[in-house]
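Asker: After the sequence you'll find the predicted model.
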Amino acid sequence: MAVIALVVHRLRPEALRVAKNAVAWLTEQGHDIRLPRIDAEALDLVELGCEPEKLAAGLDLAVSLGGDGTILRTVELVAREGVPVLGVNVGHIG
């Protein structure tokens, strides 16, 4: 199955809720999930956390849950490996 990273706007309750549901569903489907360590801590999923410099290695997809700033952070984390980014707007402007 796929290796998927979720990058979350930690200050938006809706983004945290969506992330928890996405992790549960994706895991149920057999996918491996990674989160930047700080996001994993915010979601109380520390077992899925990894250091930012290791996040993109072997990744199939990165999903950004937040607004414009979150998608920019996601791209910064995974661009060097050419990982595609799917942005999900849970922001205010987007």
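Answerer: Okay, I see it. Residues are numbered from 1 along each chain as shown.
Asker: and stretch 25-38, how far apart are its ends?
Answerer: In stretch 25-38, first residue to last residue: 21 Å (C-alpha to C-alpha, to the nearest Å).
Asker: all numbers from here: first residue = 592
Answerer: Sure thing, new numbering starts at 592, so read that last one as stretch 616-629.
Asker: List the buried residues in that stretch.
Answerer: Under the neighbour-count criterion of 16 or more other C-beta atoms under 10 Å, stretch 616-629 has 617, 622, 624-628 buried. In this view, the C-beta of every residue, glycine as well, is placed from N, C-alpha and C.
Asker: and those residues, which of them are in helices?
Answerer: 617, 628 (DSSP state H).
Asker: Redo the buried residues of stretch 616-629 as TSV? Include distance to Glu672.
Answerer: What follows is the buried residues of stretch 616-629, written out as TSV (distance: C-beta to C-beta, whole Å):
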residue	distance to Glu672
Leu617	19
His622	18
Ile624	17
Arg625	12
Leu626	16
Pro627	14
Arg628	18
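Asker: Which strand residues bridge Asp623?
Answerer: Judged by DSSP bridges, the bridge partners of Asp623 are Val594.
Asker: Hmm, Arg628 is touching Leu639, no?
Answerer: No: counting by C-beta atoms under 8 Å, Arg628 does not reach Leu639; the two are 9.2 Å apart.
Asker: one step back: ok, so of the buried residues of stretch 616-629, who is nearest Pro643?
Answerer: Pro643 lies nearest to Pro627 out of the buried residues of stretch 616-629, by C-beta to C-beta, at 5.3 Å.
Asker: what sits against that closest one?
Answerer: Applying C-beta atoms under 8 Å, 6 or more residues apart in numbering, we find Pro627 in contact with 596, 598, 640-641, 643, 646, 668.
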